[in-house]
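[1] no sequence for this one, just the structure:
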């Protein structure tokens with residue numbers, strides 16, 4: 001049975017080598033195309049849209065700085081990786097989560113801010129007590 005597998009292994013290795021060679025040819029072509037594009041630009045900067053920056057940043061991050069330094073990129077590897085850092089930072093930006101959530105809005109709740117320290121109930125107890133009283137007076141009790 002091992003004599004049958006040896007020709008199969010050889011055929012598989014030849015196919016894998018051909019696929020690898022083909023991929024290297026495609027990469028060489030794309031690198032040369034980038035060089036020609038950069039020459040045609042003549043040192044002028046390309047203005048990328050935000051969507052283009054995101055696409056390039058994701059791909060650049062997967063390659064890493066070492067590989068990017070070996071390639072002819074349209075922008076520097078530092079710029080590509082900075083775009084990725086900004087992309088990650090914007091994803092974890094919680095500025096959109098301020099205020100009451102959807103359930104509070106459906107319930108018709110009102111948010112009132114009292115200027116003070118992080119422990120406003122300690123630094124401004126009178127203002128907090130007044131808000132609580134105002135809220136308690138505004139609550140309609142359900143008839144039993």
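    Noted; the coordinates are in hand. Since we're looking at a predicted model, the values are computed, not measured. Numbers count the residues shown, from 1 in each chain.
[2] now this structure, which segments are flagged as low pLDDT?
    The chain contains residues with pLDDT under 70 at 1-5, 93-101, 104-105, 109-123, 138-144.
[3] go again using 90 as the cut-off
    Counting by pLDDT under 90, the chain has low-confidence residues at 1-46, 67, 70-75, 87-144.
[4] and the next element down the chain from the lengthiest helix in the chain?
    Using DSSP state H to define each element, the chain has its longest helix at helix 2-41. Using DSSP states H and E, the next helix or strand after helix 2-41 towards the C-terminus is helix 50-63.
[5] what comes into contact with the helix or strand that comes right after that next one?
    Note on helix 50-63: by DSSP H and E, the next helix or strand toward the C-terminus is helix 65-70. For helix 65-70, the external contacting residues (CB atoms under 8 Å, 6 or more residues apart in numbering) are 60, 77, 80-81. No exception for glycine: its C-beta is placed from N, CA and C like everyone else's.
[6] Repeat that for stretch 34-51.
    By CB under 8 Å, 6+ apart, the residues outside stretch 34-51 that reach it are 56, 71-75.
[7] Just the buried subset of the residues you listed, please.
    Buried members of the contacts of stretch 34-51, counted by 16 or more other CB atoms under 10 Å: 56, 73, 75.
[8] Am I right that the first one is in contact with residue 82?
    No. When contacts are counted by CB atoms under 8 Å, residue 56 is not listed as touching residue 82 (11.4 Å).
[9] burial measure for residue 9, as a count.
    Residue neighbour count, defined by other CB atoms under 10 Å, stands at 10 for residue 9.
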